[in-house]
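K.L.:
here are the coordinates; sequence isn't available:
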């Protein structure tokens, strides 16, 4: 992983001026992401500078993904203490670690127009309802607009810090420390940067990673384009064999509009992922099918359908999703490539690593639901097994694949075969020309794998629904008697 010292230097920003009335900071986030830790770090940093700091954490019954709010008041040592809870239009600054929590009326009311600074993490954290409604849309733009209307557009500073954290640190665990660095470099915190760094060192837990997160946040605030360029260079250097995998991609979309450029980039990225998932031949299989539908759809454009390359886009997304089903070999590979495993050698003192898994044939059934229950597997047993399984990915789908005989794996391979048949069927239809109705039906058929989410019985249920929808779309492809294009749009919007 790269370190902040590998990139550009950043000047230290002066701390926010501290009036006698103090500075009120509202942190809005969700449980399990370190919101309370951020408040604790700020409070401790203020005490190191001889300031008054009062912190009120409102966690209620929330655990993972529940709303968590911290009210922080930092004042000069001689100031008279005030109530910690921040009232309406009283916040000096709002740290929107989670958009959904921040736009709730009690928290939104703390913002004063053209006075309160709002720092936003744009990463979408889906609410709990998403568990039952996987097609739920995340209204990021609408919520950001609400914050801009409340505070004033110039007072809102937004960035997808979670994505940066994953790119630079390999994991989103440290995103709120990156958030602190981001806000600090903008000059919005009333404590000095060196005080925050001292508190992190005092914590004696993942010190290096936390300090790096803080420094990356500072760089994101100072020069985000330069940081993104650095991330791009790092990604290119990690993609060994990219030229070999991309030798066909350059011919996929010869006339690059903005949509086509995005599509080309996406196909290139998915090829690299599929090569890691299985091998280069698997990645080539993916590109060949995308190339076929692309060429056929480009000819369709002469019919003035005016839809762009939406079928190609649907295949690029849907076929990649179908091909990269998460079986035992892939779970093992992802665990071994993950941040935790990479960091263990230097940060393993006193840490007991346990994996919660539901291995086939070994997982007990839940007596109430009849579904498999996860079991605890000690790290010293799981990691060697992961290494063995990851090395055996070449047997995937062959007669030697013992896991491939399970019902779930057979369903996943059948989905791939059915998808390839769907594309071949549409390729035979396309030279005859497609009506607008048929074009919309074709796109939805090609997007069906995107709706097959989850694992085990959850995935099975979603797959059954997708197959029912597939049969319906096939029937209606040439006879849209009871389903109009507008109603199809409505169904997709509702989903």
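P.N.:
Noted; the coordinates are in hand. As the structure is a prediction and not an experimental result, all values here were calculated from the model.
K.L.:
Would you confirm that residue 466 contacts residue 448?
P.N.:
Yes: Residue 466 lies in contact with residue 448 (C-beta atoms under 8 Å); the separation is 4.7 Å. The way it works is simple: take the backbone N, C-alpha and C, and place the C-beta from them, glycine included.
K.L.:
Residue 45: neighbour count?
P.N.:
By other C-beta atoms under 10 Å, the residues close to residue 45 number 27.
K.L.:
I'd guessed it sits against residue 202; true?
P.N.:
No: in this structure, residue 45 is not within contact of residue 202 by C-beta under 8 Å, at 10.1 Å.
K.L.:
and stretch 93-106, which residues are buried?
P.N.:
Across stretch 93-106, burial judged by 16 or more other C-beta atoms under 10 Å covers 93, 94, 95, 96, 97, 98, 99, 100, 101, 102, 103.
K.L.:
Okay, now that stretch: how far is its last residue from its first?
P.N.:
15 Å (C-alpha to C-alpha, to the nearest Å).
K.L.:
which other residues reach that stretch?
P.N.:
23-30, 33, 35, 38, 67-69, 107-108, 110-111, 116-122, 124-125, 127, 140, 143-144, 146-147, 151, 175-176, 179, 183, 188-189 (C-beta atoms under 8 Å, 6 or more residues apart in numbering).
K.L.:
let's see 6 Å
P.N.:
For stretch 93-106, contacts defined as C-beta atoms under 6 Å, 6 or more residues apart in numbering pick out 25-30, 35, 67, 116-121, 125, 127, 143, 146, 176, 188.
K.L.:
What is the distance between it and the centre of its chain?
P.N.:
Put simply, stretch 93-106 sits 19 Å off its chain's centre (C-alpha atoms, centre = their mean, to the nearest Å).
K.L.:
Stretch 271-280 too?
P.N.:
How far stretch 271-280 lies from its chain's middle: 20 Å, per C-alpha atoms, centre = their mean.
K.L.:
One more: stretch 11-31?
P.N.:
With C-alpha atoms, centre = their mean as the basis, stretch 11-31 stands 28 Å off its chain's centre.
K.L.:
which residues touch it?
P.N.:
Contacts of stretch 11-31 with the rest of the structure, by C-beta under 6 Å, 6+ apart, involve 35, 38-39, 62-66, 68-70, 72-75, 79, 86, 90-98, 101-102, 107, 110, 185, 187-193.
K.L.:
Could I have the buried ones of those residues as ChimeraX selection syntax?
P.N.:
Selecting only the buried entries of the contacts of stretch 11-31 in ChimeraX, with 16+ other C-beta under 10 Å as the criterion:
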select :35,38,39,62,65,66,68,69,70,72,73,74,75,79,86,90,91,92,93,94,95,96,97,98,101,102,107,110,185,188,189,190,191,192,193
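K.L.:
Which ones among the contacts of stretch 11-31 lie within strands?
P.N.:
With strands taken from DSSP state E, the overlap with the contacts of stretch 11-31 comprises 68, 69, 70, 72, 73, 74, 75, 93, 94, 95, 96.
K.L.:
Assess the claim that the first one and residue 59 are in contact.
P.N.:
Yes: Residue 68 lies in contact with residue 59 (C-beta atoms under 6 Å); the separation is 5.1 Å.
K.L.:
Now do the strands in the protein.
P.N.:
In the chain, the strands defined using DSSP E lie at 23-30, 52-58, 67-75, 93-96, 117-121, 156-159, 354-357, 375-378.
K.L.:
got a list of contacts for the third one?
P.N.:
Residues external to strand 67-75 that are found in contact with it (C-beta under 6 Å, 6+ apart): 22-25, 27-29, 31, 35, 39, 42, 46, 51-59, 62, 84-86, 101, 190.
K.L.:
what angle sits between it and strand 52-58?
P.N.:
Relative orientation of strand 67-75 and strand 52-58, computed by axes from the mean of the first three to the mean of the last three C-alpha atoms, to 10 degrees: 170 degrees.
K.L.:
which residues does residue 236 contact?
P.N.:
Applying C-beta under 6 Å, 6+ apart, no residues qualify as near residue 236.
K.L.:
how near is it to residue 230?
P.N.:
Separation of residue 236 from residue 230 (C-beta to C-beta, to the nearest Å): 11 Å.
K.L.:
One more: residue 18?
P.N.:
For residue 18 relative to residue 230 (C-beta to C-beta), the value is 34 Å.
K.L.:
ditto for residue 262
P.N.:
For residue 262, the distance to residue 230 - C-beta to C-beta - is 21 Å.
K.L.:
more crowded one of those two?
P.N.:
Applying other C-beta under 10 Å to residue 262 and residue 230 shows that residue 230 carries more neighbours, namely 18 against 13.
K.L.:
Leaving out the residues flanking it, which one is nearest to that one?
P.N.:
Setting aside the residues directly before and after it, residue 230 is nearest to residue 7 in space (C-beta to C-beta, 6 or more residues apart in numbering), at 4.8 Å.
K.L.:
okay, now the one you found: neighbour count?
P.N.:
Using other C-beta under 10 Å, residue 7 has 20 other residues around it.
K.L.:
So for it, what pLDDT did the model give?
P.N.:
You'll see residue 7 listed with a pLDDT of 91.
K.L.:
How about the one 10 residues further on?
P.N.:
With respect to pLDDT, residue 17 scores 92.
K.L.:
same thing with residue 487?
P.N.:
If you check residue 487, the pLDDT there is 40.
K.L.:
For stretch 320-328, what does the pLDDT average out to?
P.N.:
What stretch 320-328 shows for mean pLDDT is 93.
K.L.:
Give the residue spans of the stretch 51-200 of the chain that score low on pLDDT.
P.N.:
For the stretch 51-200 of the chain, the stretches with pLDDT under 70 are 60-65, 128-134.
K.L.:
which residues of it fall in helices?
P.N.:
For the stretch 51-200 of the chain, the helices defined by DSSP state H, counting those that start in this stretch cover 99-102, 105-108, 140-151, 161-169, 175-185, 193-203.
K.L.:
which helices and strands sit right next to the longest one?
P.N.:
The reference is to helix 140-151. Packed against helix 140-151, as judged by 3 or more C-beta pairs under 6 Å, 6 or more residues apart in numbering; DSSP states H and E, are no other helices or strands.
K.L.:
can we see that at 8 Å?
P.N.:
helix 99-102, helix 105-108, strand 117-121, strand 156-159 (3 or more C-beta pairs under 8 Å, 6 or more residues apart in numbering; DSSP states H and E).
K.L.:
would you turn those into a markdown table with distance to residue 384?
P.N.:
Putting the helices and strands packed on helix 140-151 into a markdown table (distance: least, C-beta to C-beta, whole Å) gives the following:
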| stretch | distance to residue 384 |
| --- | --- |
| helix 99-102 | 41 |
| helix 105-108 | 47 |
| strand 117-121 | 37 |
| strand 156-159 | 40 |
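K.L.:
Residue 444: which of the ones you listed is closest?
P.N.:
Evaluated with C-beta to C-beta, those place helix 99-102 nearest to residue 444, the distance being 28.8 Å.
K.L.:
ok, how many other residues are close to the closest residue to residue 430 other than its chain neighbours?
P.N.:
What sits nearest to residue 430 in space, not counting adjacent residues and going by C-beta to C-beta, 6+ apart, is residue 296, at 4.6 Å. Neighbourhood size, residue 296 [other C-beta under 10 Å]: 18.
K.L.:
my guess is residue 330 contacts residue 386, does it?
P.N.:
No: look at residue 330 against residue 386 with C-beta under 8 Å: they stay out of range, at 10.8 Å.
K.L.:
Look at those two and report which has more neighbours.
P.N.:
Legend: neighbour count by other C-beta under 10 Å for residue 330 and residue 386, higher for residue 386 (23 against 18).
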